[in-house]
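In: Need a 3D model of the following:
(one chain, ligands or ions: 1)
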Amino acid sequence: MPLFDMFSCGNIGGLAFLLGIFPAGLVLYFIHHRSNGNIPGPFLARWTHLWLAYHAYRGRRYKAVHAAHQRYGTVVRIAPRHISIASPDAISVIYGQGQKALLKSTFYDAFVCNGKTSIFSTRDRQEHAMKRRIVSHAFSTTALQQFIPLIYSTIKQFTARMDELCDKGEYFDAVLWFNYLAFDILSDLAFGDRIGMLERGSDIVALQRSDGFLRNENAIALVDEREHFAAIVGIHPVFQWIASAFPCLSGRKATSALEELGRRQVLKRLSSRSNRNDILGKLIEARGYDARDPTADEIAELTAESVTLLIAGSDTTSNSIAATLHFVVTHPRVYKKLMEFLLDASNGRNSLNYEDAKDIPYLHATINEGLRLHSTTAIGLHRLVPSDGILCCGRYFPSGTELSVPAWTISHDSELWGDPENFRPERWLEATDTRRYLLAFGKGPRACIGQNLAYMEMISVLTTILLRYEIDVKSDKLETIEGFMHKPLHTWLKLRLR
Ligand code: HEM
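Out: Got it, this is the predicted structure:
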């Protein structure tokens, strides 16, 4: 992988530099060790951020951190200045609300687009509050109602393609098609223009550089690469600094390509002079921009927000749908029970509209159980201890320490869930407070702003596919990989029209 190729170039200057900073690092380490040093963790993680970066690079960070918790206990050092706390009590401290809410750490600088922070990447409290106020216009209850027919129109295109696959009678990789679907839904909602992946049956998009050079890129691969890259270099500012010197790194190239894609969609939407009620229109209106004559700065800001929404809203939703559907069809008891509820609500028909589907408790429970068991968000989201330090789970953490609650470990904690490895939607109907421990959408002021839209999409897509098709799955095993989010690699399905 390119990032690590950098370290194998035999650069004498680099070696001398490393030898020089090594003793300095040792001194800093011992100073730090005295203040917060009795926290156990993997040996390498006490010394260097490379332990965490290596596991992020392998796409297995959540597993390595989980294994470290199993070995060392609830409070574990996963990098010299980063402590992971696998306790439900830590959730409200680390991701709490209000003025005392911990800020995001430098990890999020790796997600900055085009030099412009977005609602997701900003670390500044005031800037975030302002952006959140503006972006929330696009996710109000009224806005979401307006999105329903648009979502269903894209789903109709999706089922037309699935019907063709039924005729072929072969297994196909459903993860890819859910990605196409989610990208088309999101680009339609965001810019009033589907990127057209369903129509083409491909994620290839044409991109144009500012010098006019045209090329084709796989948009989904770009998202994967950009997320993976950010999840690695975000771990330490020095990694980001090194990466910034190498524009040829594939992660940097993917970031630029996505910026181009976002910018192209923004410019297209602005030049259309459309007054369509899409997310971009709502952002422009809330910001008070003149859509006919935006400044370069305004275009850069709209691009940063659009790229964020496109990535945050498509990849996550499609992966959650793919994983949940996989769990349903590989658990015959749940499959049968869910179908009984769906067929009952649809009066035996092979379709159900959102209004009728949204109130089926067992469907909600199934989606939550899919989110928990698969853990779309599997890593602990980084937060920074403020200048006066913080008390958490009976320990004091000094200013500047990064803290996180490992989402996978909490989702698989047997004290919380009893039988965490089982896919059992009923658990969400039995207890009332389990939702507190579902970290799929994050918590606190930085929790997912698109959560209701995500549920809306998951409900609409899952009911459509389950009612319309009989589904065969090739393998019970769900192979996954982690970039920033945790995603299924493939789910091979065969469909038959009911
Ligand atoms: C199942 C689907 C989804 C999952 C699992 C998910 C997960 C998350 C998580 C865990 C965060 C917090 C990240 C952090 O603190 O680092 C987040 C934030 C965010 N999500 Fe989602 N998300 C989903 C769908 C969506 C959708 C559909 C959209 C919008 C179209 C969206 C937009 C955002 C934005 C803008 C933020 C940043 C919010 C802020 O910092 O104020 N997400 N999401």
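In: Please count neighbours and contacts with C-alpha atoms only from this point.
Out: Will do.
In: ok, residue 41 - contacts?
Out: Residues near residue 41 by C-alpha atoms under 8 Å, 6 or more residues apart in numbering: 68, 72, 76, 77, 78.
In: Output those as JSON lines; include the columns distance to residue 498 and neighbour count.
Out: What follows is these, written out as JSON lines (distance: C-alpha to C-alpha, whole Å; neighbours: other C-alpha atoms under 10 Å):
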{"residue": "68", "distance to residue 498": "47", "neighbour count": "20"}
{"residue": "72", "distance to residue 498": "51", "neighbour count": "15"}
{"residue": "76", "distance to residue 498": "51", "neighbour count": "25"}
{"residue": "77", "distance to residue 498": "52", "neighbour count": "27"}
{"residue": "78", "distance to residue 498": "50", "neighbour count": "31"}
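In: hmm, which two among those residues are most spread apart?
Out: Greatest spatial distance among those (C-alpha to C-alpha): 72 and 78, at 10.8 Å.
In: in the stretch 301-450 of the chain, which segments are predicted with low confidence?
Out: 432 (pLDDT under 70).
In: So which residues on it come close to the ligand?
Out: Residues of the stretch 301-450 of the chain lying close to the ligand by C-alpha under 6 Å from any ligand atom are 309, 312-313, 316-317, 320, 376-377, 381, 440-442, 446-450.
In: that's a strand at residue 226, yeah?
Out: No. Counting by DSSP: H, G, I helix; E, B strand; the rest coil, residue 226 falls outside a strand, being helix.
In: what's the neighbour count on the spatially closest residue to it that is not a sequence neighbour?
Out: Excluding the flanking residues, the one nearest residue 226 by C-alpha to C-alpha, 6 or more residues apart in numbering is residue 251, at 5.0 Å. Counted with other C-alpha atoms under 10 Å, the neighbours of residue 251 add up to 26.
In: neighbouring contacts of stretch 433-449?
Out: Stretch 433-449 is contacted from outside by 88, 91-92, 95-98, 101, 120, 136, 139, 368, 371-372, 375-378, 381, 407, 410-411, 428, 451, using C-alpha under 8 Å, 6+ apart.
In: measure that stretch end to end?
Out: Terminal residues of stretch 433-449 are spaced 21 Å apart (C-alpha to C-alpha, to the nearest Å).
In: Which positions in that stretch come out as buried?
Out: Residues of stretch 433-449 classed as buried: 437, 438, 439, 440, 441, 442, 443, 444, 445, 446, 448, 449 (neighbour count, 16 or more other C-alpha atoms under 10 Å).
In: tell me the SS of the fifth one?
Out: By that I understand residue 441. Three-state assignment for residue 441 (three-state DSSP): coil.
In: Tell me how far it lies from residue 485.
Out: 11 Å.
In: Give the intersection of the neighbour lists for these two.
Out: Counting by C-alpha under 8 Å, 6+ apart, the shared contacts of residue 441 and residue 485 are residue 377.
In: residues near residue 43, how many?
Out: 12.
In: For the ligand, see how far away it is.
Out: In this view, residue 43 and the ligand are 27 Å apart by C-alpha to the nearest ligand atom, to the nearest Å.
In: on that earlier part again, buried subset of the contacts of stretch 433-449?
Out: 91, 95-96, 101, 120, 136, 139, 368, 371-372, 375-378, 381, 407, 410-411, 428, 451.
In: Can you show me the strands along the stretch 201-350 of the chain?
Out: Using DSSP state E, counting those that start in this stretch, the strands of the stretch 201-350 of the chain run over 204-208, 214-218.
In: follow-up on the earlier one: rebuild the contacts of residue 41 as CSV, extending it with distance to the ligand and secondary structure.
Out: Shown next, in CSV, are the contacts of residue 41 (distance: C-alpha to the nearest ligand atom, whole Å; DSSP: H, G, I helix; E, B strand; the rest coil):
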residue, distance to the ligand, secondary structure
68, 22, helix
72, 25, helix
76, 20, strand
77, 20, strand
78, 18, strand
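In: What backbone torsions are found at residue 169?
Out: phi 70, psi 30 (degrees, to the nearest 10).
In: okay, the residue nearest to it when sequence neighbours are not counted: pLDDT?
Out: The spatially closest residue to residue 169, leaving aside those adjacent along the chain, is residue 494, at 6.6 Å (C-alpha to C-alpha, 6+ apart). For residue 494, the model assigns a pLDDT of 96.
In: which SSE is residue 494 in?
Out: strand 492-497 (DSSP states H and E).
In: Mind giving me the packing neighbours of that strand?
Out: Counting contacts by 3 or more C-alpha pairs under 8 Å, 6 or more residues apart in numbering; DSSP states H and E, strand 492-497 packs against helix 141-168, strand 172-173, strand 469-473.
In: now with 10 Å?
Out: With contacts taken as 3 or more C-alpha pairs under 10 Å, 6 or more residues apart in numbering; DSSP states H and E, strand 492-497 sits against helix 141-168, strand 172-173, helix 174-191, helix 296-329, helix 451-468, strand 469-473.
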